[in-house]
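Trainee: Coordinates for the following, if possible.
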Amino acid sequence: MDHGTLISEINLKQLVSNFRNNRNLPFTTDAAAISLEQLESYIAEAKTKYSGNLDGFRIYFIRYPLGDGPAPAGIGKAGNNLSQPSVVFVPLKNYDAATGAGEDSVLENPGDLYVLSFGDPAGPGGDDSTALCPPKCG
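Mentor: Take a look at the predicted model:
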């Protein structure tokens with residue numbers, strides 16, 4: 001089972017923009033957590049999908065778009081039909097540890113990014129162990 005998800009560059013840019021353009025919304029996320037099993041599986045899957053063209057990961061702050069109804073379980077609603085802040089890991093190529101520079105690495109087929117999203121309402125499935133704290137993490 002995949003522990004990450006495929007998203008388009010456009011979708012990633014929108015999630016990042018949701019965060020950057022709504023800094024006035026409450027920042028209710030104190031931490032994010034993930035099981036070692038899911039993190040290791042995601043990294044192994046990313047290495048396979050990018051077959052040697054993976055040098056690192058960038059972590060973006062994002063907000064998910066939410067509808068008018070209540071927020072899905074495990075994620076808080078911050079206003080403007082957006083979620084509380086979250087994070088997403090994006091594979092990089094040409095990563096330079098000295099500067100932190102690198103390029104988001106897009107897969108040739110299907111042309112998407114293979115990312116690890118925390119608290120994603122659409123999530124990778126039943127084995128998703130990512131959590132945003134609060135509402136999780138007691």
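
Trainee: max-length strand in the chain?
Mentor: Counting by DSSP state E, the longest strand found in the chain is strand 86-96.

Trainee: Show me what whichever helix or strand comes after that strand pairs with in its sheet, parallel or antiparallel.
Mentor: Counting by DSSP states H and E, the next helix or strand C-terminal to strand 86-96 is strand 101-104. Strand pairing for strand 101-104, determined by DSSP bridges: strand 86-96 (antiparallel).

Trainee: Using neighbour counts, pick out the buried residues of the strand it pairs with.
Mentor: Judged by neighbour count (16 or more other C-beta atoms under 10 Å), strand 86-96 contains these buried residues: 86, 87, 88, 89, 90, 91, 92, 95. Where you see a C-beta, it was placed from the backbone N, CA and C, and this is true even at glycine.

Trainee: Name all residues that make contact with the last one.
Mentor: When the contact criterion is C-beta atoms under 8 Å, 6 or more residues apart in numbering, the partners of residue 95 are 55, 56, 101, 102.

Trainee: what do you get for the fourth one?
Mentor: If you count contacts by C-beta under 8 Å, 6+ apart, residue 89 has them with 4, 42, 57, 58, 59, 115, 116, 117.

Trainee: Quick check: which element contains the nearest residue to it once chain neighbours are set aside?
Mentor: Once flanking residues are discounted, residue 89 sits nearest to residue 116: 4.1 Å by C-beta to C-beta, 6 or more residues apart in numbering. Counting by DSSP H and E, the element that carries residue 116 is strand 113-117.

Trainee: mind listing what's buried in the helix or strand following that strand?
Mentor: Sequence-wise, the next helix or strand downstream of strand 113-117 (DSSP H and E) is strand 131-133. Neighbour counts over strand 131-133 (16+ other C-beta under 10 Å) mark 131, 132 as buried.
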